[in-house]
Structures are given as C-alpha cells and as structure tokens.
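> Fold the following, please.
(one chain, ligands or ions: 2)
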Amino acid sequence: MRLVSWSKLAELMRDADVVLEVLDARVPLETRSIRVEGLARRRGKPVVIVLNKCDLVPRRVVEGWVRFFEGLGFKTVAMAARSRRGVRRLKEVIRESVSKKPIIVVAVGLPKTGKSTVINALKGRSSASTSPYPGTAGYTKSVQLYRVDDDIKVIDTPGIAPSGEDWLETLIRGRPVDSLYNPIRPAVELLKRILGHNPKAVEDAYGITDRDPYIILERLALKRGWRYKDGEPLIEEAARTVIRDYHNAKLRFYRTPPSSTPG
Ligand SMILES: Nc1nc2c(ncn2[C@@H]2O[C@H](COP(=O)(O)OP(=O)(O)OP(=O)(O)O)[C@@H](O)[C@H]2O)c(=O)[nH]1
Ligand SMILES: [Mg+2]
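Ligands and ions are numbered 1, 2, ... in the order given. You can find the predicted model right below:
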C-alpha cells in the first residue's frame, strides 16, 4: 500500500499556501498528526483542521471538538463530506487564511480520513477516487492537483504513515485489512474500545449480545458460517470483518473531547 513520504509532504507544504489536516471526527486525536502540524508551522503555513465524517458523531460532540481545536489555535471546520455538508464554510475559511490568489491548498491526513471525498465535495463532483478500506481499489496512490474553484486549487495526497500516536489506528489504517498478519489482536482491542463507549454497538451491528471480544469473534464466525476444516470458528475472518465494519461505521463508535462534561 502506497503512502506519502515525509520528504514529499515537506516539499508540498513548501509550495502550498494552506494545509488542510483532515481528521476522522469519530477519533480526532487518534487521527491527528502533530508532526504534520509541526512541519506546517515551521514553513509558516496556516493549518485548517477539517473534522470529517461528522454525520457519524452527535452534533454536541462535534461542537466540543471544534472548541477543543479552536482552543489550540486552529481554524476548524466540521464536515460531512460524503453528503457535502460544510463545503461553504470550508471555502470561507480557506479564503480567510491567505490573501493571495489562486490559493493552493494541500489536503493531508491518515489513510481513510476522507481527504479525497473532501476534495470531491469542494469540487461539487466526484473527481478524486475514493475507497472504503485502506489499500483497496480507488485509494489515493499519488499526488494530484484539482481545481475546485477559479481561486482555489487543492492537492490530494496519499495517506500519511501513522506515526504511532495510537498503535491500533497505526495498525489498521497503515495496511490493507487482508494483509494484517494477526487481525485478532487489533479486532479485540477495537471491540473493547467500542463496547467501552457504546455497549449496544455489537448487538446493533451483528445481533450478538456477548461482551467478551473473543466470544464475539467466535459467535460472528459461526453466524456467518466461517469455520476451519475441523469445524472450529474461523475467528481471523470475523476479526477482519470487525475491522472493516469499524472503517465503514457499521460499528458505531466515537470519542468525546477531553474537557467535555457529560450531559
Ligand atoms: N460517513 C461518512 N463517510 C465518509 C465521509 N467522507 C468520506 N467517507 C468515507 O470514508 C471512506 C474513505 O474516504 P476517502 O475519501 O477515500 O479517504 P482518503 O482519506 O482519501 O483515503 P486514502 O486516499 O486511502 O488515504 C470512503 O468510504 C468514503 O465514502 C463522511 O463525511 N461521512
Ligand atoms: Mg484519497
């Protein structure tokens, strides 16, 4: 799976006027890259945070994340790029960020945060190719410039290598699901995180009421008829399904901002 190198990213940031850091609004801290922000700061380029996939997170939580990132000094825009929500605001913020024309914007972010979908939303039609899972047909393999408006051009980039801020996101975004050497470990951790936040998520997705991640994987394998030759449940396949269903949001999960109080 091709990712963008840090040297390429540094070069793109030198030539761009604005950096769009695209985050998955379900897990903003896990998909944030302090290293990208540092590169942009050293080059004197404004960073606009795009909290994408807001349709998967309650409005109150999104507002909390916007306040969180604005509190850190970033212009922040909530978006649901797939349904083209947030486009007008994002263009406004881009135009406010620099006075020169045309504005060259570079979209960066971990794999599958929705960079290409954001560009398509800005453009108003599907030009950049997209894909649901890391490394599957349609994911971004090379750098490409798109004209979004007369005065705005956006560079799409492949995902950046997750740099280990969160081992689970690093693992499941950094490689195609099919090529994970041991999908069980990340799937078990994912199930723990998901159930810790939303006890109904697994039941809603699969109709399984158990809480133990290993038992969930076994039940899911049996339900789908995935077995080894000796009849034992093929839990590796269930584990890959859990990881895909996290990517495609069939399993409902999101984080709340650190400072937010319940209610
Ligand atoms: N629910 C929801 N899904 C979205 C949204 N934006 C993008 N997606 C989905 O997220 C997946 C990844 O989108 P892409 O645009 O391919 O993401 P990317 O960051 O360009 O991915 P790479 O090029 O592989 O790094 C696709 O299945 C999109 O349809 C959104 O606002 N809401
Ligand atoms: Mg892409």
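> make it CA atoms for all contacts and neighbour counts henceforth
Noted.
> what helix or strand does the closest residue to I243 other than its chain neighbours sit in?
For I243, ignoring the flanking residues on the chain, the nearest one in space by Cα to Cα, 6 or more residues apart in numbering is A187 at 6.0 Å. Under the criterion of DSSP states H and E, A187 resides in helix 184-197.
> now swap in R244 and tell me
helix 235-247.
> Show me the helices in the stretch 51-200 of the chain, by range?
59-71, 87-97, 115-123, 167-174, 184-197 (DSSP state H, counting those that start in this stretch).
> Which of those comes out lowest on mean pLDDT?
Mean pLDDT is lowest for helix 167-174 among the helices of the stretch 51-200 of the chain, at a mean of 93.
> and that one, what other elements does it pack with?
Applying 3 or more Cα pairs under 8 Å, 6 or more residues apart in numbering; DSSP states H and E, one finds that helix 167-174 contacts helix 184-197.
> that older thread, list the contacts of the residue nearest to I243.
Applying Cα atoms under 8 Å, 6 or more residues apart in numbering to A187 gives the contacts A239, R240, V242, I243.
> can you list the helices of the stretch 51-200 of the chain in TSV and add distance to I155?
Output for those, formatted as TSV (distance: least, Cα to Cα, whole Å):
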stretch	distance to I155
helix 59-71	23
helix 87-97	14
helix 115-123	9
helix 167-174	21
helix 184-197	32
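> which one of those is the most hemmed in?
Burial of the helices of the stretch 51-200 of the chain is given as mean neighbour count (mean count of other Cα atoms under 10 Å); helix 115-123 ranks first at a mean of 26.
> That one and ligand 2 in contact?
Yes - using Cα under 5 Å from the ion, helix 115-123 reaches ligand 2 at S116.
> do that helix and ligand 1 meet?
Yes - using Cα under 6 Å from any ligand atom, helix 115-123 reaches ligand 1 at K115, S116, T117.
> so the first one sits right up against A121, yeah?
No - contact criterion Cα atoms under 8 Å: K115 and A121 do not qualify, at 10.0 Å.
> got the angle for the lowest-mean-pLDDT helix or strand in the chain vs helix 235-247?
Within the chain, no helix or strand scores below helix 167-174, which has a mean of 93 by mean pLDDT, DSSP states H and E. Helix 167-174 and helix 235-247 are oriented at 90 degrees to each other (axes from the mean of the first three to the mean of the last three Cα atoms, to 10 degrees).
> Just the C-alpha atoms of helix 167-174, please, in CSV.
What follows is helix 167-174, C-alpha atoms only, in CSV (Å, rounded to 0.1, in the frame of the first residue of the first chain):
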residue,chain,number,x,y,z
TRP,A,167,-0.9,1.7,17.9
LEU,A,168,-4.4,0.5,17.0
GLU,A,169,-5.1,3.2,14.4
THR,A,170,-1.4,2.9,13.2
LEU,A,171,-2.0,-0.8,12.5
ILE,A,172,-5.5,-0.8,11.0
ARG,A,173,-5.0,2.4,8.8
GLY,A,174,-1.5,1.6,7.8
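> quick one: contacts of it?
For helix 167-174, the surrounding residues in contact (Cα under 8 Å, 6+ apart) are 30-31, 110-112, 134, 161-164, 180, 186, 189-190, 243.
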